[in-house]
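In: Fold the following for me, if possible:
(chains A and B)
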Protein chains: 2
Amino acid sequence: MKLYEETKKEQEIFRGRIIRVHVDDVLLENGSASKREVVEHPGGVSVAILTEKNELLFVRQFRYPYKQVLLELPAGKLEPGEDPFEAIKREQKEETGTVGSCYIPLGEVYPTPGYCGEIIRLWACRASGEPGELDLDEDEFIEVERIPLDKAVEMVLNNEIPDAKTQIGVLKTAKLVEQGKL
Amino acid sequence: MKLYEETKKEQEIFRGRIIRVHVDDVLLENGSASKREVVEHPGGVSVAILTEKNELLFVRQFRYPYKQVLLELPAGKLEPGEDPFEAIKREQKEETGTVGSCYIPLGEVYPTPGYCGEIIRLWACRASGEPGELDLDEDEFIEVERIPLDKAVEMVLNNEIPDAKTQIGVLKTAKLVEQGKL
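Out: Numbering: from 1, shown residues only, chains lettered A, B, ... in the order given. Now for the predicted structure:
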């Protein structure tokens, strides 16, 4: 049996500022009809920024869907037509005031593939000096925080950091440092 | 400045079988008005199942939003009112035919907190014997695959497995084994 679902019809439900939602009529693997609910997003970027003292830069911000302040790696969404690597350098500058070097790709993250098509692209990099002046969007309020890499790994392993890209970015960055690659 | 956004009004856009979408009028940290697009989901569960030979059990399935077959840890969504731990044991039995022991919680995953409120709860466990007969939903088509834990870790570190919960589950499980906890 080939694992494949065929789109028969797409019905757009919502086109917002961040997401687009559609419900599709599909034919399943066994030929029967079903519906799939899909959330589309332009794509995200995120970066684990390691200072000369092996601290990682995090941002704290209020995340409305959870009504919680979360600790996350700096991240943002792609502007239309924007190159992901240019986007992450832009977001890094805006959210932490740093310029990085030695960028290493940490791959793609598919956050929740049952109903969402977003792709988050991750990097690790080095940054010298202190976090500088921020340049935030008008609806963006964040606090920058540095945490030693070893401590951040402990926090992830102790299940204290729920954000998916942050867990992945921290663990992969620690592995790169352990291997002498970053 | 307190990191907090106040809900003024919620407008429901869509109530589907899997997700609910609403757009809220909010007051931001600086008192200005804005809108937040929110996708709600009943919650997910997932488990890293380790065999006696230190292989992990994965499922391959077609993920409609990406139009790709993905390699993932077994997972599912909570039924209304269902206890998450009961849910993961149910999903594990349905998707792999195995019964686990020595369950260790691997924490929560917030897949994409900018616009989505889903919480995925993760576990690792041991399972003895072979994967058994599957008991799938009528719109569910999957293939079970075993991959040695070391190989799975390599695949995650080589950025060959994009699914977020799977990357996190594999790396955390490897750490538990390394520490002699699982």
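In: Can I get stretch A:142-150 in CSV? Just the C-alpha atoms.
Out: Taking C-alpha atoms only, stretch A:142-150 is exported to CSV below (Å, rounded to 0.1, in the frame of the first residue of the first chain):
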residue,chain,number,x,y,z
ILE,A,142,10.8,40.5,25.0
GLU,A,143,13.5,40.2,27.6
VAL,A,144,16.9,38.8,26.7
GLU,A,145,18.5,36.3,29.1
ARG,A,146,21.8,34.4,29.0
ILE,A,147,22.1,30.9,30.4
PRO,A,148,25.2,28.8,30.5
LEU,A,149,24.9,26.0,27.9
ASP,A,150,25.4,23.3,30.5
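In: Any chance you could list what contacts it?
Out: A:50-51, A:53-61, A:71, A:95-97, A:131, A:134, A:136, A:155, A:170, A:173-174, A:177, B:3 (CB atoms under 8 Å, 6 or more residues apart in numbering or on different chains). Backbone N, C-alpha and C define where each C-beta goes, glycine included.
In: if you set the cut-off to 6 Å instead, what comes out?
Out: A:54-61, A:96, A:131, A:174 (CB atoms under 6 Å, 6 or more residues apart in numbering or on different chains).
In: Out of these, which end up buried?
Out: Among these, those classed as buried by 16 or more other CB atoms under 10 Å in any protein chain shown are A:55-59, A:61, A:96, A:131, A:174.
In: and those residues, which of them are in helices?
Out: Counting by DSSP state H, the part of those found in helices is A:96, A:174.
In: ok, which stretches of chain A are helices?
Out: A:84-96, A:149-157, A:164-178.
In: mind showing which ranges of chain A have poor pLDDT?
Out: Applying pLDDT under 70 to chain A picks out residues A:129.
In: now with 80?
Out: Along chain A, segments meeting pLDDT under 80 span A:1, A:128-134, A:137-139.
In: now the contacts of stretch A:142-150 as a markdown table including distance to residue B:15?
Out: Listed next are the contacts of stretch A:142-150 as a markdown table, based on distance: CB to CB, whole Å:
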| residue | distance to residue B:15 |
| --- | --- |
| A:54 | 47 |
| A:55 | 44 |
| A:56 | 39 |
| A:57 | 39 |
| A:58 | 35 |
| A:59 | 32 |
| A:60 | 32 |
| A:61 | 28 |
| A:96 | 39 |
| A:131 | 42 |
| A:174 | 41 |
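In: Let me know the closest of the buried ones among the contacts of stretch A:142-150 to residue B:112.
Out: Proximity of the buried ones among the contacts of stretch A:142-150 to residue B:112 was ranked by CB to CB; the top entry is residue A:61 with 13.8 Å.
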